[in-house]
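Colleague: What follows is a predicted structure for the sequence shown.
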Amino acid sequence: AQTVTQSQPEMSVQEAETVTLSCTYDTSESDYYLFWYKQPPSRQMILVIRQEAYKQQNATENRFSVNFQKAAKSFSLKISDSQLGDAAMYFCAYRTPSGSARQLTFGSGTQLTVLP
Amino acid sequence: AAGVIQSPRHLIKEKRETATLKCYPIPRHDTVYWYQQGPGQDPQFLISFYEKMQSDKGSIPDRFSAQQFSDYHSELNMSSLELGDSALYFCASSLVAAVETQYFGPGTRLLVL
């Protein structure tokens, strides 16, 4: 079974600074997808960024980028120029690309605080 | 852009009562997923449907059942409610494709007293 581990329950960053959230996963699959979701106090689950395992290039979405290390099974999220609105719980998630088991497996989350 | 719609947004029930949660996926999405998120927990997969057929089952109690209808909306039926069923229930939808990103609804917050 696939597992996703987020070893940082809480992180804080100063506004306008950069922060990196860690995620590792365990799988025997060679093809899969990885996601970062953000859950603000409203508790809405919002997609931040996604990465296909077959792509060597790291995904980037504006101020959000990932460092995907397939051999190390590591998938960290970097937030640049942090803003107050980035404060949220961040979940790393894994999914296989095919077959019936397309559900997301989530990590335990990292609570990010942005300090003004 | 249209998003996933869930109703009701909040629900209060007594123990042993029944609850029905509804999910309306993004138009043209053919797959629906249900997740349960307990307090301070990560979302846990319950069940999914593709083209109105159950496609996968997770940690869904036998007291719960779900289905997807011809218009692709889905309902999660929960019977003999227990205090431990109090949680946020998410529905997510996707279109079967190469990446198939799941988009989440706002959730239904269920409180069992």
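Modeller: Yep, it's here.

Colleague: Which residues of chain A lie near chain B?
Modeller: By C-beta under 8 Å from any C-beta of the partner chain, the part of chain A that sits against chain B consists of A:33, A:35, A:37, A:42-47, A:50, A:52, A:91, A:95, A:97, A:100-109. Where you see a C-beta, it was placed from the backbone N, CA and C, and this is true even at glycine.

Colleague: make it 7 Å
Modeller: Neighbours of chain B within chain A, by C-beta under 7 Å from any C-beta of the partner chain: A:33, A:43-45, A:47, A:50, A:52, A:91, A:100-104, A:106-109.

Colleague: Just the buried subset of the residues you listed, written out for PyMOL, thanks.
Modeller: Listed next is the PyMOL selection for buried residues among those, using 16 or more other C-beta atoms under 10 Å in any protein chain shown:
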select buried, chain A and resi 33+44+45+47+50+52+91+101+102+103+104+106+107+108+109
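
Colleague: Of the residues of chain A next to chain B, which belong to strands?
Modeller: Among the residues of chain A next to chain B, the members falling in strands (DSSP state E) are A:33, A:47, A:50, A:52, A:91, A:106.

Colleague: check contacts around residue B:110.
Modeller: By C-beta atoms under 7 Å, 6 or more residues apart in numbering or on different chains, the contact set of residue B:110 is B:11, B:13, B:19, B:85-87, B:89.

Colleague: Give me the buried positions along stretch B:21-31.
Modeller: Buried residues in stretch B:21-31 (16+ other C-beta under 10 Å): B:21-26, B:29-31.

Colleague: how about it as CSV, C-alpha atoms only?
Modeller: Listed next in CSV are the C-alpha coordinates belonging to stretch B:21-31 (Å, rounded to 0.1, in the frame of the first residue of the first chain):
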residue,chain,number,x,y,z
LEU,B,21,-25.4,13.9,1.6
LYS,B,22,-25.6,15.0,-2.0
CYS,B,23,-22.8,15.8,-4.5
TYR,B,24,-23.1,17.5,-7.9
PRO,B,25,-19.9,17.1,-9.9
ILE,B,26,-18.4,19.6,-12.3
PRO,B,27,-20.3,19.4,-15.6
ARG,B,28,-18.9,16.7,-17.9
HIS,B,29,-16.9,15.0,-15.1
ASP,B,30,-17.6,11.3,-15.0
THR,B,31,-16.0,10.2,-11.7
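
Colleague: Need the residues that contact it.
Modeller: Here stretch B:21-31 has contacts from B:2-7, B:32, B:48-51, B:72-76, B:89, B:91, B:93-96, B:103, B:105, B:108, using C-beta under 7 Å, 6+ apart.

Colleague: one more time with 6 Å
Modeller: B:2, B:4-7, B:32, B:50-51, B:72-76, B:89, B:91, B:93-96, B:103, B:108 (C-beta atoms under 6 Å, 6 or more residues apart in numbering or on different chains).

Colleague: Could you list the low-confidence segments of chain B?
Modeller: B:97-99 (pLDDT under 70).

Colleague: for it, what spans make up the helices?
Modeller: Remark: no helices are assigned in chain B by DSSP state H.

Colleague: Kindly report the residues of it close to chain A.
Modeller: Residues of chain B found near chain A (C-beta under 6 Å from any C-beta of the partner chain) are B:33, B:42-43, B:45, B:48, B:55-56, B:88, B:101, B:104, B:106-107.

Colleague: Many thanks, I have nothing further to ask.
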